[in-house]
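S.K.: A predicted structure for the sequence below; I have some questions about it.
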Amino acid sequence: MLISTLSRRFASSTVTPGATQKWDIFASVILSRPPIIAPTMTEIEERFQKLQKLEEEEKSLLCNYELKTKQDLKMVARREQLLREGKELSELDEEIGVTNAQKEDDWSKAAADLDQKFNFGASFLAENVKNSAENLKSVDRALERKLVLIVKQKMGGAKNYSTPWILPQMKHREGETLRQAICAFCRKVRCFSWCLHRIGATVTQKLKIESLRPRKTAERCIGELSGSADLNVDISGNAPFGVFTHRYPKPIAQKTGASGAKIFFYTANLTSSASTSSESSFSVNPEDVSDFQWVTREEFWSTVPGTDYKKAARFAFLERFVHFVVRFGVCTQSALQ
């Protein structure tokens, strides 16, 4: 009898705290600007490109332009021979006409003029690198890289308190989905739905929050934190791709009545119209955000605190594989899984 009573008391003391735990639900949006120009190739990419080009030249059939180039070389060699022999060249010159070599010279001159006029060359890249280092608030910096928005967000009701550098996030409201909370980050959002991520569906099921429908909270986050009236954003999917669990310190837990926060991550991209506009077109709501930056993957890891927090969002920073696929058309099923 005594043993059974102690067993029941021990079971109740161990199960009850876990059953009564309460969590605040947040939706966090990883708003990114995709690369605008092709990045500089790595050493292995350059080697692979040379190998691909060599193989193509060896195995492919010659096009009409290449056949004419070979014919031009023969005709020019024949003209030089006739010139040395002092023979008439008028008929041969008429037959040769404009060679491909002459056309390529004209094209090179036109390209140089355009480069000088529109600054496409090395000076453009140098200016881009300079702007990238100087202005972290510009959406036009680091054009060859994927950029992600991080903010110092005003939270907790204190006027002078701002969070450390974090990804934009918003607390879930009853009756909305997490995606709707993210879309509040901008006043005008065009949502583009992809298939549900397995990890998001699994986490949602395990935490038994199907009724939350997390997408609405994600949409609201965009609208309330952004100061741009016409910001166009594509949110990927209805389910989050990752989740981070943050436990509150005891004073905050006692004040809020919650053990901590579950932060669900969504990915969103600036559309081409937004990412190619001037930097002044993007702004934040000063009532909710004290500062913001557009950062690369390396800058994100060096600026944002919390290793576990950054690990939870690391899959949003995939760059090199995407560039490799775009350049060379290389894609394997195992790499996508």
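M.R.: Nice, I can see it.

S.K.: could I get the pLDDT score of residue 327?
M.R.: Residue 327 carries a pLDDT value of 48.

S.K.: what's the answer for residue 226, then?
M.R.: pLDDT at residue 226 comes out at 66.

S.K.: and the closest residue to residue 144 other than its chain neighbours, backbone torsions?
M.R.: Counting by C-beta to C-beta, 6 or more residues apart in numbering, residue 144 lies nearest to residue 39, which is 3.9 Å off, once chain neighbours are set aside. No exception for glycine: its C-beta is placed from N, CA and C like everyone else's. Per-residue torsions, residue 39: phi -70, psi 160 (degrees, to the nearest 10).

S.K.: in the stretch 101-250 of the chain, which spans are helices?
M.R.: 122-134, 178-183, 198-206, 215-225, 250-256 (DSSP state H, counting those that start in this stretch).

S.K.: any idea which of those helices scores lowest on pLDDT?
M.R.: Looking at the helices of the stretch 101-250 of the chain, the bottom one is helix 198-206 with a mean of 36.

S.K.: count of residues packed around the residue nearest to residue 144?
M.R.: Applying other C-beta atoms under 10 Å, we find 16 residues neighbouring residue 39.

S.K.: I'd like to know how far it sits from residue 33.
M.R.: 14 Å (C-beta to C-beta, to the nearest Å).

S.K.: on that earlier part again, for the residue nearest to residue 144, give its distance to residue 174.
M.R.: Separation of residue 39 from residue 174 (C-beta to C-beta) stands at 44 Å.

S.K.: remind me, longest helix of this protein?
M.R.: helix 64-85 (DSSP state H).

S.K.: what's the mean pLDDT across that one?
M.R.: Helix 64-85 comes out at a mean pLDDT of 86.

S.K.: how about that helix, which residues are buried there?
M.R.: Judged by neighbour count (16 or more other C-beta atoms under 10 Å), helix 64-85 contains these buried residues: 69, 72, 75, 79.

S.K.: now do stretch 295-314
M.R.: Across stretch 295-314, burial judged by 16+ other C-beta under 10 Å covers 295-297, 299-300, 304, 309-310, 312-313.

S.K.: helices or strands up against the helix or strand harbouring residue 47?
M.R.: For residue 47, the enclosing helix or strand under DSSP states H and E is helix 43-59. When contacts are defined as 3 or more C-beta pairs under 8 Å, 6 or more residues apart in numbering; DSSP states H and E, helix 43-59 packs onto helix 320-328.

S.K.: dump stretch 236-243 to CSV, keeping only the CA atoms.
M.R.: Listed next in CSV are the C-alpha coordinates belonging to stretch 236-243 (Å, rounded to 0.1, in the frame of the first residue of the first chain):
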residue,chain,number,x,y,z
SER,A,236,7.8,30.1,-49.3
GLY,A,237,5.2,27.6,-48.1
ASN,A,238,2.6,27.4,-45.4
ALA,A,239,4.8,25.4,-42.9
PRO,A,240,8.0,26.6,-41.2
PHE,A,241,11.3,24.9,-42.1
GLY,A,242,12.8,25.0,-38.6
VAL,A,243,12.1,25.8,-35.0
